[in-house]
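J.: With the input below, show me the fold.
(one chain, ligands or ions: 1)
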Amino acid sequence: MDAMDVESFLQGENKNLQELSITIGQAGWMVTSTGEESWNDALEVAQNEWKRYLSDTERFALITKHLENKQLTSLQQRQLTELHHLMINQQLDPKLAERSTRMTKELVDIFNSYRPTVQNQHVSNNDIRTILETSLDPEERKQAWLASKQIGKQVCDRALQLIQQRNEEAHTLGYDNYYQMQYSAQDLDLDVVFALIDELLVQSEEPYRLVKQQIDEELAQKFHISVSQLRPWHYSDPFFQSTPAVSEWSMADYLQNDRMEAITAETFQSMGLDITDVIARSDLYPRDKKYPYGYCTAMGRTGEPRIMMSMNPSEFWMSVMLHEFGHAAYEKNIDAALPFLLRKPAHTLTTEAIAMLFGRMTKDREWITRFIKPEPNAFASHASALRGTLQREMLVSMRWYITFAKFERELYECPHTNVNERWWQLVEEIQHLHAPEDTRYPDWAAKMHFTLAPVSYQSYILGELTASQLHHYIMTNISRDLFSLEAGTYVKEQVFFPGATWTWNDLLKRATGEPLHPKYFVQQFVSSHCKQ
Ligand SMILES: [Zn+2]
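T.: Numbering: from 1, shown residues only. Below is the predicted model of the structure:
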């Protein structure tokens, strides 16, 4: 088979996949916009069409064969690789695939319907959250925290079975385990990623210890106990994923609804990135039955992304808005001449990096001063604390991501007999939390992502590191001001425009002169903290 045959084969694939993808994009949009059952059915039909198309074993064999062709151009090679990654997950024996779909659905149902109890009274997850954020009564906190883990017991056995099932699926496709298979399908090298994570752990260990010590001392004082008496329920988040701000200031006072649109548009416009057309296509405000979270969709990669959100004037939604419009600015500026398979961000982690870079701005003094324009006297006393807040937030959430990723890898690679105890060992080692007295309870399984969003946390870790590396490069080589035309032109040309022409790490090497390295994250959120 010669290069011309490959080219016409790829043309057909690009055309078919784009058509299927547009139908999914439209149905998905309508489901979240209306909450109507009929759109849900249409979405399911469209998704099944997509899966059926990708499950074709003969075409998959052909792609595998094409990939061995030494005459391929680099664009053909990249398209075939993307196609291979898309198809590998759909190559399962239908009986096996059907079993894991059923097991997943059972778990979704339990997560959706389970109501925890405190002293035989049903409580909601919001009740638990409110107690952990506000209660000063240690016993009440402990009961709420334990309640947040009750679901773990309900799902643990099923979760372990599903993991085993996924491993069996991976075996049939020639992989050691499911974790390894997903890394391969995501173009990630396990050794490279975990070497980065280990390096990050070492470099951030001392600064994390300092930040954690500060948080612990504040909590010990608040609850009138010693630091050694602190247990997981004294923290405001059940998994210590996040931590409250160092000082509270109310951004919400400056964020009436239409101002948030203007602030977002001005932010991107300052970099020469026009997103007013995206705002016009988007659905931003809450309605009855509408999807309550936020997402950006590429709508079949036609260069017309749009955003679904249910925002209200708050710092939280301001950050979500900047994050989602970061994704949209990326999608909109990808080279329109690229074939469908490559007209997308280089990687999930790359588009997350861009989104995170913008999402972080609600804690950035310069951005707030320039775009929120707070009353200077009201803002002055909080401005200096913002840096500390962002550093805390970054270090605490990064440790959580790493704990999750390390434990998840072990779940697939070396099934432990003492899986629950192992969870607490890692939590103590990485997050430095004191375990509760009883570590035999499946606390880990209360985190839905272990079962329902497998092998995805590494994208957050790598995304944060990439955001910091790009930020550092811009500050050092392009412009001291991120919100300048120079910085905008740089991201547009070096990051957005090439789409998936290069792999994520090649793109980063071209854009910053070196492959991904954790030192820029460490510099950005760690070094100056030590000096304080
Ligand atoms: Zn995102």
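J.: alpha carbons only for contacts and neighbour counts from here, please
T.: Fine.
J.: what are the ranges of the helices in the stretch 201-350 of the chain?
T.: All helices of the stretch 201-350 of the chain, identified by DSSP state H, counting those that start in this stretch, fall at 257-269, 276-281, 315-332, 348-359.
J.: ok, now the stretch 351-500 of the chain?
T.: 365-367, 376-413, 419-426, 449-452, 457-473, 485-490.
J.: tell me the most buried of these?
T.: Mean neighbour count (mean count of other C-alpha atoms under 10 Å) peaks for helix 457-473 among the helices of the stretch 351-500 of the chain, with a mean of 23.
J.: in stretch 437-456, what's buried?
T.: 439, 441-448, 450-451, 455-456 (16 or more other C-alpha atoms under 10 Å).
J.: Sketch out the low-pLDDT regions of the chain for me.
T.: 1-4, 257, 527-532 (pLDDT under 70).
J.: Using the record's domain definitions, break it down for me.
T.: The chain breaks down into these domains under automatic domain parsing: 3-91, 251-362+458-531.
J.: now, of these, which is deepest in the fold?
T.: By mean count of other C-alpha under 10 Å, these have domain 251-362+458-531 as the most buried, with a mean of 20.
J.: How far off centre is that domain?
T.: The gap between where domain 251-362+458-531 is centred and where its chain is centred comes out at 13 Å by C-alpha atoms, centre = their mean, to the nearest Å.
J.: and if you look at stretch 196-203?
T.: Distance, centroid of stretch 196-203 to centroid of chain: 19 Å (C-alpha atoms, centre = their mean).
J.: Residues contacting it, please?
T.: 402, 430, 517-519, 522 (C-alpha atoms under 8 Å, 6 or more residues apart in numbering).
J.: Quick check: the farthest pair among these?
T.: Within these, two members stand farthest from each other by C-alpha to C-alpha: I430 and H517, at 19.9 Å.
J.: what about the strands in the stretch 51-200 of the chain?
T.: Using DSSP state E, counting those that start in this stretch, the strands assigned to the stretch 51-200 of the chain run over residues 117-118, 121-122.
J.: Mean neighbour count, these: which tops it?
T.: Of all the strands of the stretch 51-200 of the chain, as judged by average neighbours under mean count of other C-alpha under 10 Å, the leader is strand 117-118 with a mean of 16.
J.: Tell me which other helices or strands that one touches.
T.: Under the contact criterion of 3 or more C-alpha pairs under 8 Å, 6 or more residues apart in numbering; DSSP states H and E, strand 117-118 touches helix 138-172.
J.: other SSEs contacting the helix it packs on?
T.: Taking 3+ C-alpha pairs under 8 Å, 6+ apart as the contact cut, helix 138-172 packs with helix 94-113, strand 117-118, helix 125-134, helix 178-185, helix 376-413, helix 449-452.
J.: any chance of those in TSV, plus distance to W233?
T.: Listed next are the helices and strands packed on helix 138-172 as TSV, based on distance: least, C-alpha to C-alpha, whole Å:
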stretch	distance to W233
helix 94-113	22
strand 117-118	14
helix 125-134	7
helix 178-185	31
helix 376-413	16
helix 449-452	21
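J.: Which among those is found nearest to S484?
T.: Among the helices and strands packed on helix 138-172, the nearest to S484 by C-alpha to C-alpha is helix 376-413 (21.6 Å).
J.: Would you mind getting the angle between the closest one and helix 457-473?
T.: 140 degrees (axes from the mean of the first three to the mean of the last three C-alpha atoms, to 10 degrees).
J.: Could you check the angle helix 376-413 makes with helix 178-185?
T.: Using the same axes, to 10 degrees: helix 376-413 against helix 178-185 is 120 degrees.
J.: what's helix 376-413 packed up against?
T.: helix 138-172, helix 178-185, helix 190-223, helix 365-367, helix 419-426, helix 457-473.
J.: how about JSON lines for the ones you listed, with distance to E486 added?
T.: Below are the helices and strands packed on helix 376-413 laid out as JSON lines (distance: least, C-alpha to C-alpha, whole Å):
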{"stretch": "helix 138-172", "distance to E486": "46"}
{"stretch": "helix 178-185", "distance to E486": "35"}
{"stretch": "helix 190-223", "distance to E486": "30"}
{"stretch": "helix 365-367", "distance to E486": "17"}
{"stretch": "helix 419-426", "distance to E486": "44"}
{"stretch": "helix 457-473", "distance to E486": "12"}
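J.: just to revisit the earlier point, in JSON lines, list the contacts of stretch 196-203 along with distance to N40.
T.: As requested, those are exported to JSON lines (distance: C-alpha to C-alpha, whole Å):
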{"residue": "I402", "distance to N40": "35"}
{"residue": "I430", "distance to N40": "41"}
{"residue": "H517", "distance to N40": "42"}
{"residue": "P518", "distance to N40": "41"}
{"residue": "K519", "distance to N40": "45"}
{"residue": "V522", "distance to N40": "44"}
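J.: coming back round to it: tabulate the strands of the stretch 51-200 of the chain (JSON lines), appending distance to L196.
T.: Shown next, in JSON lines, are the strands of the stretch 51-200 of the chain (distance: least, C-alpha to C-alpha, whole Å):
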{"stretch": "strand 117-118", "distance to L196": "41"}
{"stretch": "strand 121-122", "distance to L196": "43"}
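J.: in the protein, which residue is closest to the centre?
T.: Y460 (4.7 Å; C-alpha atoms, centre = their mean).
J.: what's around the closest residue to L386 other than its chain neighbours, how many residues?
T.: Spatially, and ignoring its direct neighbours in sequence, L386 is nearest to K363 (5.7 Å; C-alpha to C-alpha, 6 or more residues apart in numbering). By other C-alpha atoms under 10 Å, 21 other residues sit near K363.
J.: about what we covered before: Y178: which of the buried residues of stretch 437-456 is nearest?
T.: Proximity of the buried residues of stretch 437-456 to Y178 (C-alpha to C-alpha) peaks at V455, which lies at 8.9 Å.
J.: Verify the contact between the closest one and Q182 for me.
T.: Yes: using C-alpha atoms under 8 Å, V455 makes contact with Q182 at a distance of 6.7 Å.
J.: Looking at the helices and strands packed on helix 138-172, which is nearest to V491?
T.: That would be helix 376-413 among the helices and strands packed on helix 138-172, by C-alpha to C-alpha, at 22.8 Å.
J.: Compute the inter-axis angle for the closest one and helix 138-172.
T.: 50 degrees.
J.: circling back: export the helices of the stretch 201-350 of the chain as CSV, with columns for distance to R158.
T.: Formatted as CSV, the helices of the stretch 201-350 of the chain follow (distance: least, C-alpha to C-alpha, whole Å):
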stretch, distance to R158
helix 257-269, 43
helix 276-281, 41
helix 315-332, 33
helix 348-359, 28
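J.: Out of these, which is closest to A385?
T.: helix 315-332 (15.8 Å).
J.: Now do that closest one and helix 257-269, the angle between them.
T.: 40 degrees.
J.: what's helix 315-332 packed up against?
T.: By 3+ C-alpha pairs under 8 Å, 6+ apart, helix 315-332 packs against helix 257-269, strand 295-297, strand 306-308, helix 348-359.
J.: one more time with 6 Å
T.: For helix 315-332, the elements it packs on are helix 348-359, judged by 3 or more C-alpha pairs under 6 Å, 6 or more residues apart in numbering; DSSP states H and E.
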